[in-house]
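Colleague: the sequence isn't on hand, but the structure is:
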Ligand SMILES: Nc1ncnc2c1ncn2[C@@H]1O[C@H](COP(=O)(O)OP(=O)(O)OP(=O)(O)O)[C@@H](O)[C@H]1O
């Protein structure tokens, strides 16, 4: 699925037992994953499970309070945060959006906009863009400085189903043409980009990980959404053996409740995803969810884009 010739490269970023603690509470703990050049890693998990926090640790916007995060020296990161503080009362053209975080030669603005298919909208006002066009503008901004690692926090928010497929196809083609690594945060708990190499399911910690099973194998899905969708999207089928309660305690499959997870609870670690890289996606966790597919994500389209130096702490609040 991904480019095999780049597969053995040293990781662009690697998190080991990384955790963030705020106000006496661990927001995430024990986060472990890496992204290699050409690799696509997707973080999924419920609201508040620590996806954005983990991504921010990966790019250096947040420093881990425990564990380690290592980035390749000189790593260039293109980051599209989930939310962006923009003064929407001020007119802002797409071209201007591209150079808000720093000057960019005209020809590079043009080629980035061409790469995402919105060159014709260079002079359009950002406020007037559709959800899909806006996400493309943010993507253009993130790729304009030719990052080694592209971090996209919910890149299909505010986009309808066919727009979602088109955006995922675009992300795949960016990966194929540039060889960059991609860390994606998906709002959907089950449907991820089919090109994803590794899905990491977070719930304050890594609950499980694996490869997505290609939905193209499902005739029902094909009938519903057509071959294009089957090629682009995949269902990540997984099964948690415990549930995190709102008060932070953990309910296990036998109904017992404890303060924390048992060691090894629902954690399906490391060897799995390495194995999967060697062969086709023929393994998935026990399916507890069939064919849940939706495209429209009802969130306000407030994503943003930036190319960051990894240590750029000022970006934590996503101001442009
Ligand atoms: N600076 C902070 N101080 C205290 N708590 C925080 C801080 N930043 C995030 N949190 C909390 O950390 C948890 C994880 O947040 P995070 O944004 O990483 O989750 P997420 O999985 O990306 O969620 P969503 O899907 O809703 O975007 C949430 O409970 C959030 O309220």
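Modeller: Here it is on my side, so go on. No experiment lies behind these values; they were computed from the predicted model shown. Residues are numbered from 1 along each chain as shown.
Colleague: can you tell me the centre-most residue of the chain?
Modeller: Nearest to the geometric centre of the chain sits residue 184, at 1.3 Å (Cα atoms, centre = their mean).
Colleague: give the bridge partners for it, please.
Modeller: On the basis of DSSP bridges, residue 184 takes part in beta bridges with residue 42, residue 152.
Colleague: that one touches residue 198, doesn't it?
Modeller: No: in this structure, residue 184 is not within contact of residue 198 by Cβ atoms under 8 Å, at 10.6 Å. C-beta coordinates here come from the backbone N, C-alpha and C atoms, glycine included.
Colleague: for these two, list the residues in contact with both.
Modeller: The contact sets of residue 184 and residue 198 overlap at 40-42 (Cβ atoms under 8 Å, 6 or more residues apart in numbering).
Colleague: who wins on neighbours among these?
Modeller: Counting neighbours by other Cβ atoms under 10 Å, the top entry in the shared contacts of residue 184 and residue 198 is residue 40, with 26 neighbours.
Colleague: now do the contacts for that residue.
Modeller: Residues in contact with residue 40 (Cβ under 8 Å, 6+ apart) are 2, 171-172, 175, 181-182, 184, 193, 195-198.
Colleague: try it again at 7 Å.
Modeller: Contacts for residue 40 were tallied using Cβ atoms under 7 Å, 6 or more residues apart in numbering; they are 2, 175, 182, 184, 193, 195-197.
Colleague: please convert the buried members of the residues you listed into PyMOL selection syntax.
Modeller: To isolate the buried ones among those in PyMOL, judged by 16 or more other Cβ atoms under 10 Å, type:
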select buried, resi 2+175+182+184+193+195+196+197
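Colleague: any idea which of the contacts of residue 40 the model trusts least?
Modeller: pLDDT across the contacts of residue 40 is lowest for residue 2, at 46.
Colleague: sorry, back to before: now pLDDT and distance to residue 68 too, for the shared contacts of residue 184 and residue 198, in JSON lines please.
Modeller: Formatted as JSON lines, the shared contacts of residue 184 and residue 198 follow (pLDDT from 0 to 100; distance: Cβ to Cβ, whole Å):
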{"residue": "40", "pLDDT": "95", "distance to residue 68": "23"}
{"residue": "41", "pLDDT": "95", "distance to residue 68": "17"}
{"residue": "42", "pLDDT": "93", "distance to residue 68": "22"}
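Colleague: what is the residue of the stretch 201-320 of the chain found nearest the ligand paired to in the beta sheet?
Modeller: Scanning the stretch 201-320 of the chain for the residue nearest the ligand gives residue 202, at 6.5 Å (criterion: Cβ to the nearest ligand atom). On the basis of DSSP bridges, residue 202 is bridged to residue 206.
Colleague: and the stretch 1-150 of the chain, which residues reach the ligand?
Modeller: 22-23, 27, 45, 47-53, 82 (Cβ under 6 Å from any ligand atom).
Colleague: repeat that for 8 Å
Modeller: Within the stretch 1-150 of the chain, the positions lying close to the ligand (Cβ under 8 Å from any ligand atom) are 20, 22-23, 25, 27-28, 43, 45-56, 82.
Colleague: the helix or strand where residue 140 lies - contacts with which helices or strands?
Modeller: Per DSSP states H and E, residue 140 falls inside helix 131-143. Judged by 3 or more Cβ pairs under 7 Å, 6 or more residues apart in numbering; DSSP states H and E, helix 131-143 is in contact with strand 77-80, helix 94-98, helix 106-115, helix 161-178.
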